[in-house]
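K.L.:
need coordinates for the following:
(one chain, ligands or ions: 1)
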Amino acid sequence: MVSILGISAFYHDSAACLLVNGEIVAAAQEERFTRVKHDHNFPLHAARYCLSEANLDVNDLDYVGFYDKPLLKFDRLLETYLDYAPSGFKSFLCSMPLWMKEKLWMPDVIKTELAKANGKENGRAAKKAGKKFAWKLLFGDHHESHAASAFYPSPFEEAAILTIDGVGEWATSSIGIGKGNEITLLKELRFLTAWVSSTALSLTTPDSKLIAANTK
Ligand SMILES: [Fe+2]
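P.N.:
Predicted coordinates:
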């Protein structure tokens with residue numbers, strides 16, 4: 001049996017999804033438990049719910065997957081702030097505390113939070129317990145994650161995949177091919193935020209996202 005917990009957090013609409021032997025057993029958004037719309041906090045309740053649906057413990061997991069690569073995203077943020085300095089300085093000041101506190105230390109944060117989901121409510125005890133987890137932590141490319149969410153649950157064995165997103169690490173639009181259990185991204189358009197903003201679409205709502213999987 002292979003169990004994988006997928007996690008999206010610290011941006012918007014945090015969520016968790018559990019796969020057992022390639023099948024989605026449970027998936028939920030954190031806001032459904034906390035009643036905080038678009039809750040961006042770690043999906044502690046959602047992860048607990050997913051695991052309980054399969055009668056699993058965090059220790060039973062084989063893999064935990066996070067939906068993007070924080071260091072690559074940080075690289076894009078810094079480069080963009082530098083390019084447009086001094087404008088954007090206020091936004092820079094607002095975003096940096098969260099990066100310094102959580103996002104740059106994601107492996108530790110994820111392990112600690114999942115220890116809390118496992119019953120270790122105390123921060124220090126959770127941090128200690130988190131270091132003992134045996135599962136492997138994987139960070140997927142943001143657009144690979146979007147493509148996977150469209151292709152893998154689809155009925156297609158082979159498909160062309162198009163993702164148009166507000167913003168990921170660097171890519172904002174990508175095309176690729178899904179075949180069996182593999183996804184290959186072929187081309188990407190980088191950082192289209194200016195365009196998305198100019199069309200008055202919010203970066204954090206479904207308006208700014210389009211993912212499609214079509215048979216060839
Ligand atoms: Fe996205």
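K.L.:
C-alpha only now, for contacts and for neighbours.
P.N.:
OK.
K.L.:
tell me the centre residue of the protein?
P.N.:
The chain has Y67 as the residue nearest its centroid, 2.6 Å off, counting by CA atoms, centre = their mean.
K.L.:
mind picking out the helix or strand in the protein with the poorest mean pLDDT?
P.N.:
Across the helices and strands of the chain, mean pLDDT, DSSP states H and E gives its lowest value to helix 193-198, namely a mean of 47.
K.L.:
after the top helix by length along the chain, next one along is what?
P.N.:
In the chain, with assignment by DSSP state H, the single longest helix is helix 70-84. Heading C-terminal from helix 70-84, the first helix or strand you meet, by DSSP states H and E, is helix 89-101.
K.L.:
contacts for that next one?
P.N.:
Contact with helix 89-101 is made by Y81, as judged by CA atoms under 8 Å, 6 or more residues apart in numbering.
K.L.:
alpha carbons only: can I get it in PDB?
P.N.:
Below are the C-alpha coordinates for helix 89-101, written out as PDB (Å, rounded to 0.1, in the frame of the first residue of the first chain):
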ATOM      1  CA  PHE A  89       8.500  48.300  -1.200                       C
ATOM      2  CA  LYS A  90       5.300  48.300   0.900                       C
ATOM      3  CA  SER A  91       4.300  45.000  -0.500                       C
ATOM      4  CA  PHE A  92       7.800  43.700   0.100                       C
ATOM      5  CA  LEU A  93       7.600  44.700   3.800                       C
ATOM      6  CA  CYS A  94       4.200  43.000   4.100                       C
ATOM      7  CA  SER A  95       5.300  39.700   2.500                       C
ATOM      8  CA  MET A  96       8.800  39.200   4.100                       C
ATOM      9  CA  PRO A  97       7.700  38.400   7.700                       C
ATOM     10  CA  LEU A  98       5.800  35.400   6.500                       C
ATOM     11  CA  TRP A  99       8.600  34.200   4.300                       C
ATOM     12  CA  MET A 100      11.100  34.600   7.200                       C
ATOM     13  CA  LYS A 101       8.900  32.900   9.700                       C
END
